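Student: mind folding the following:
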Amino acid sequence: MENHALIVGATGIAGSNLAEQLLSQSGWKITGLSRSESPLKGVETSKCDLTDAQSVSNALDDVSPTHVFITAWARQDTEEQNCRVNGGIVKNVLDALQGRGVRHVALVTGTKHYLGPFESYAKVAPETPFREEQERLPNQNFYYVQEDEVFSAAEREKFTWSVHRPHTLIGYAVGNAMNMAATLAIYASICKETGMPFLFPGSPEQWQAATDVTDARILAKQLAWSATTPAAGNMAFNIVNGDIFRWKWLWPRIAAYFDIEAAPYPGKPDPLEAKLTEAGPIWERLVAKHNLKPNPLSRVASFWHTDADLGRQVETFNDMTRSRKLGFLAYQDTTESFTDAFDRLRADRIIP
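Tutor: Numbering: from 1, shown residues only. Coordinates of the predicted model:
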């Protein structure tokens with residue numbers, strides 16, 4: 001095979017969908033770099049601790065990829081720690097691959113490039129739509145540190161690079177730190193079980209404002225496209241579904257999937273993390289009742305991240321002109337992003 005992909009974080013929501021995308025194409029050998037084994041047939045896993053340079057070096061000792069896709073990160077308590085640890089992950093991988101003939105490195109970051117880190121998230125934001133050429137914010141931001149590690153290695157090793165900035169990622173994943181589809185599915189399931197009203201948990205601004213999301217499958221398509229399109233080299237790209245919606249429009253559609261009513265919006269945030277802090281026993285009851293896989297609530301839901309996304313007090317949507325002009329024309333219906341993820345989670349007995 002001409003192309004050998006190394007997917008860093010191959011079992012996460014972005015990495016696993018990328019692996020599925022490349023497996024659907026011809027001409028790719030795929031190595032996954034992660035703590036756990038990829039369940040996908042056709043992905044050879046090299047296990048390591050991405051935060052440990054020696055562990056990464058050992059895992060990559062006999063791996064010589066043509067294309068590297070970095071889709072992993074490790075959440076830390078402060079942005080200073082995020083910069084050190086997540087910048088280190090990128091450095092560890094690219095240092096270990098020096099002199100191996102890498103042709104392209106793709107880095108997945110996100111819309112926090114425009115909104116700032118969690119500590120000052122969405123306090124100040126550029127005017128919408130967000131465009132790739134906008135200047136960096138003055139804050140510390142581990143995305144910027146990761147980018148700089150890629151740029152430095154590219155100059156040294158003479159490979160091309162691309163940076164991909166999804167908005168909220170929607171797709172099938174279990175154990176992912178930022179999984180709104182699974183989180184909302186579990187919230188709806190708990191509401192259905194208990195009779196709790198299915199309230200939109202976010203801010204008035206998010207309820208009313210135009211926004212967008214990113215299906216993990218369309219991110220995977222853009223990653224594969226940029227890696228094999230010479231004109232896309234050395235550029236950063238926003239990546240979203242291509243439609244724009246308001247949560248007041250989408251919320252009843254999510255409710256309908258679970259055969260429940262969407263409660264009237266109360267006009268103020270009602271965060272999930274605080275409301276569902278004692279929901280573990282309810283979830284265990286649902287697992288037993290519906291013969292689900294025995295995942296703890298903390299593994300399948302990321303209430304904190306959904307609260308952060310839906311609690312923003314600024315409008316957030318992204319411009320896709322740069323990649324459109326270069327020929328990337330994929331589109332994904334957002335309602336189907338959620339319902340497709342729900343279907344797959346249900347089929348795999350992750351949700352009722």
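Student: where does the protein dip in pLDDT?
Tutor: Residue ranges of the chain with pLDDT under 70: 1, 177.
Student: which residues of it fall in strands?
Tutor: Secondary structure of the chain (DSSP state E): strands located at 3-8, 28-34, 43-47, 67-70, 104-108, 160-166, 169-170, 214-215, 235-239.
Student: residues in contact with residue 83?
Tutor: Residue 83 sits next to 140-142, 145 when contact means Cβ atoms under 8 Å, 6 or more residues apart in numbering. All C-beta spots, glycine's among them, are computed from the backbone N, C-alpha and C.
Student: cool, and residue 250?
Tutor: Listed by Cβ under 8 Å, 6+ apart, the contact partners of residue 250 are 334-335, 338.
Student: now, which of those residues lie within helices?
Tutor: Those of the contacts of residue 250 mapping onto helices are 334-335, 338, per DSSP state H.
Student: now the residues you listed as a markdown table including neighbour count?
Tutor: Shown next, in a markdown table, are the ones in helices among the contacts of residue 250 (neighbours: other Cβ atoms under 10 Å):
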| residue | neighbour count |
| --- | --- |
| 334 | 22 |
| 335 | 15 |
| 338 | 22 |
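Student: need those in a markdown table (columns: distance to residue 210).
Tutor: Formatted as a markdown table, the ones in helices among the contacts of residue 250 follow (distance: Cβ to Cβ, whole Å):
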| residue | distance to residue 210 |
| --- | --- |
| 334 | 12 |
| 335 | 16 |
| 338 | 17 |
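Student: now, which of those sits nearest residue 266?
Tutor: Closest to residue 266 out of the ones in helices among the contacts of residue 250 is residue 338 (22.2 Å), distances taken as Cβ to Cβ.
Student: what about the closest one, distance to residue 267?
Tutor: Residue 338 is 24 Å from residue 267, where distance means Cβ to Cβ, to the nearest Å.
Student: for residue 55, same thing?
Tutor: Here residue 55 is placed at a distance of 50 Å from residue 267 (Cβ to Cβ).
Student: counting neighbours around each, name which of those two comes out higher.
Tutor: Neighbours were counted for residue 55 and for residue 267 using other Cβ atoms under 10 Å; residue 55 has more, 16 against 9.
Student: what sits against the more buried one?
Tutor: 48-49.
Student: how does it look with 10 Å?
Tutor: 35, 47-49, 92, 96 (Cβ atoms under 10 Å, 6 or more residues apart in numbering).
Student: which of those residues tops the neighbour count?
Tutor: residue 92 (24 neighbours).
Student: so what's that one up against?
Tutor: By Cβ under 10 Å, 6+ apart, the residues touching residue 92 are 8, 48-57, 59-60, 149.
Student: what about it, distance to residue 232?
Tutor: Residue 92 is 26 Å from residue 232, where distance means Cβ to Cβ.
Student: please apply the same query to residue 217.
Tutor: As for residue 217, its distance to residue 232 is 19 Å (criterion: Cβ to Cβ).
Student: ok, now residue 209?
Tutor: For residue 209, the distance to residue 232 - Cβ to Cβ - is 30 Å.
Student: wait, which of the contacts of residue 55 is closest to residue 310?
Tutor: Of all those, residue 310 sits closest to residue 35, with 29.1 Å by Cβ to Cβ.
Student: for residue 34, see how far away the closest residue to that closest one other than its chain neighbours is.
Tutor: Spatial nearest neighbour of residue 35, chain neighbours left out: residue 47 (6.3 Å); criterion: Cβ to Cβ, 6 or more residues apart in numbering. Distance, residue 47 to residue 34, using Cβ to Cβ: 7 Å.
Student: which residues are common contacts for the two?
Tutor: In contact with both residue 47 and residue 34: residue 59, using Cβ under 10 Å, 6+ apart.
Student: thought residue 123 was touching residue 138?
Tutor: No: under the criterion of Cβ atoms under 10 Å, residue 123 is not in contact with residue 138, lying 11.7 Å apart.
Student: circling back to that earlier point, most surrounded residue in the contacts of residue 83?
Tutor: residue 142 (27 neighbours).
Student: so it is in contact with residue 116, correct?
Tutor: No: assessed by Cβ under 10 Å, residue 142 is found out of contact with residue 116, at 11.2 Å.
Student: joint contacts of the two?
Tutor: In contact with both residue 142 and residue 116: residue 79, using Cβ under 10 Å, 6+ apart.
Student: neighbours around residue 252, how many?
Tutor: Using other Cβ under 10 Å, residue 252 has 14 neighbouring residues.
Student: show the contacting residues for it.
Tutor: By Cβ under 10 Å, 6+ apart, residue 252 lies in contact with 198, 200, 260-263.
Student: also residue 200?
Tutor: Applying Cβ under 10 Å, 6+ apart, we find residue 200 in contact with 206-207, 247-248, 250-252, 254-255, 262-266, 269-270, 310.
Student: one more: residue 246?
Tutor: By Cβ under 10 Å, 6+ apart, residue 246 lies in contact with 206-211.
Student: what is the most widely separated pair among the residues you listed?
Tutor: 207 and 210 (11.5 Å).
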